[in-house]
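Asks: Sequence plus predicted model, see below.
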Amino acid sequence: MPTKPPAADDDADHDVENDPLRAAGDGNRLDQKLGVAVARGVVHKQPRRPMHVAVVGATGVVGRETLSILSERRFPLASLRALASARSAGEELGLDDGKSITVEDLEQADFKGVDVVFFAASGGVSKTWAPRAAAAGAVCIDKSSSFRMDADVPLVVPEVNGQALKDFGRKRIIATPNCSTIQMVQCLAPLERAVGIERVVVCTYQAVSGAGRGGVDELEGQVRALFNFKAIEQSTFDQQIAFNALPRIPARDPIPADGTTGEERKMIEETRKILGRPDLRIGATCVRVPVFNGHSEAIHVELKKPLSADDARRLFAEEPNVLVVDDTKAGLYPTALDASGEDKTLVGRIRVDDSVPDGRGLAFWVVSDNLRTGAALNAVRIAEALCADWL
Ligand code: 2RA
């Protein structure tokens, strides 16, 4: 049954559960495809002491994923609290270690003594509660889009611009970017460092899980209906998503007068902020496709200096959270299904783009788990870096 669509400004509202999403991407597929085991849960920065941690929106999918990733990565905890709306208060949440935790009512919350609060609820909840938690002395890591473009709030992908964390004290709020931005900057950053970037053109192929539970249900329902010669139901997306592609994200927001959608605007502005390149020329077209989970992106880059495909492969391979899956002869390239359930962003189809003169053009294909890398995992990586270097 389709449920309510997510609020347009609310990137944390991935209200989806494991069903059709992860069924195909269970973490084994990539190992089989590559013929070697791919490590998950690799921690690059360890907090210096056990931390007092709280998760707001703990009963939602990003909140649960945050709890699960904290456990999987053995984040050192002095205490752990789960907060949600009054409706969920008192609920027992099972943790990966077999213990459980009682959900507290956010409205009654006192954040005194908490070191780090993950906000994985709506943008509205973050706007109200992050400043309160910060005033009580906590550092807030926010998945919503509420604070991303605030000049006093670092917008962080740790392996790309971890140095921005030094400014965390301005508001004691750190924002984690939109999922489609994270996987793109993970691949742009090594190119920018090595040869510099003049211009980026990106087209995305975004999974329905990015639109929340409603998006997943709508794709599933429409496919079933069409195979049974029945009328389709439609509420999350503005047009049929089954067997179709919709270049409008978010689907229900009016397209602004300049023609650039909200998702495209986020990719442009967030990338400039993260790379510290307010001048960077970026063109984006964001498209919703009938894929359950895992966003794909075709990226074309005009570089400042020439770069061969092999050198680009080497640069990508040196990135801690990027895995090159690219063997032209063997026909090997990564897909959204391969990325689903993985910690790494996968890059392939790496080639020189001859439409740019002097060997300065590069094209590649990037896939990532938009719910994992694109949400909870980046937030936990931020916490690891913050607690290793600053708290
Ligand atoms: C989407 N990137 O895929 C958005 C969710 N934050 O709709």
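Replies: That came through, no problem.

Asks: And A242, which helix or strand is it part of?
Replies: Assessed by DSSP states H and E, A242 sits outside every helix and strand.

Asks: Could I get the pLDDT score of it?
Replies: On pLDDT, A242 comes in at 98.

Asks: So for stretch 295-302, mean pLDDT?
Replies: Stretch 295-302 comes out at a mean pLDDT of 98.

Asks: Flag every buried residue along that stretch.
Replies: 295-297, 299-302 (16 or more other Cβ atoms under 10 Å). (Each C-beta comes from the backbone N, C-alpha and C, glycine too.)

Asks: Contacts only, for P278.
Replies: Counting by Cβ atoms under 8 Å, 6 or more residues apart in numbering, P278 touches R272.

Asks: Over to it. Which of the three states is it?
Replies: What DSSP: H, G, I helix; E, B strand; the rest coil gives for P278 is coil.

Asks: related to what we said a few turns ago, now, among the buried residues of stretch 295-302, which is nearest to V324?
Replies: I299 (14.2 Å; Cβ to Cβ).

Asks: wait, the closest one sits on G361?
Replies: No - between I299 and G361 there is no contact under Cβ atoms under 8 Å: 11.3 Å.

Asks: on that earlier part again, can you redo the buried residues of stretch 295-302 as CSV with distance to A54 and secondary structure?
Replies: Shown next, in CSV, are the buried residues of stretch 295-302 (distance: Cβ to Cβ, whole Å; DSSP: H, G, I helix; E, B strand; the rest coil):
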residue, distance to A54, secondary structure
H295, 29, strand
S296, 34, strand
E297, 33, strand
I299, 36, strand
H300, 42, strand
V301, 40, strand
E302, 44, strand
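
Asks: and which of those residues is nearest to the ligand?
Replies: Ranked by distance to the ligand (Cβ to the nearest ligand atom), the buried residues of stretch 295-302 are led by H295 at 6.4 Å.

Asks: Walk me through the domains of the chain.
Replies: As given by automatic domain parsing, the domain ranges for the chain are 24-177+374-389, 181-370.

Asks: Endpoints of the last one, how far apart?
Replies: For domain 181-370, the first-to-last residue distance is 10 Å (Cα to Cα, to the nearest Å).

Asks: Kindly report the same for stretch 281-296.
Replies: The straight-line separation of the ends of stretch 281-296 (Cα to Cα) is 21 Å.

Asks: what's the spacing between the closest residue to the ligand within the chain and K127?
Replies: In the chain, the residue that lies nearest the ligand is G210 (2.0 Å; Cβ to the nearest ligand atom). Between G210 and K127 the distance is 21 Å, computed by Cβ to Cβ, to the nearest Å.

Asks: more neighbours, these two?
Replies: G210 (29 against 15; other Cβ atoms under 10 Å).

Asks: What is the neighbour count of the spatially closest residue to that one that is not a sequence neighbour?
Replies: Using Cβ to Cβ, 6 or more residues apart in numbering and skipping the chain neighbours, the partner closest in space to G210 is N370 (5.3 Å). Per other Cβ under 10 Å, the neighbour tally for N370 reads 27.

Asks: Isn't N370 up against C179?
Replies: Yes - using Cβ under 8 Å, N370 is in contact with C179, at 4.0 Å.

Asks: joint contacts of those two?
Replies: 210, 295.
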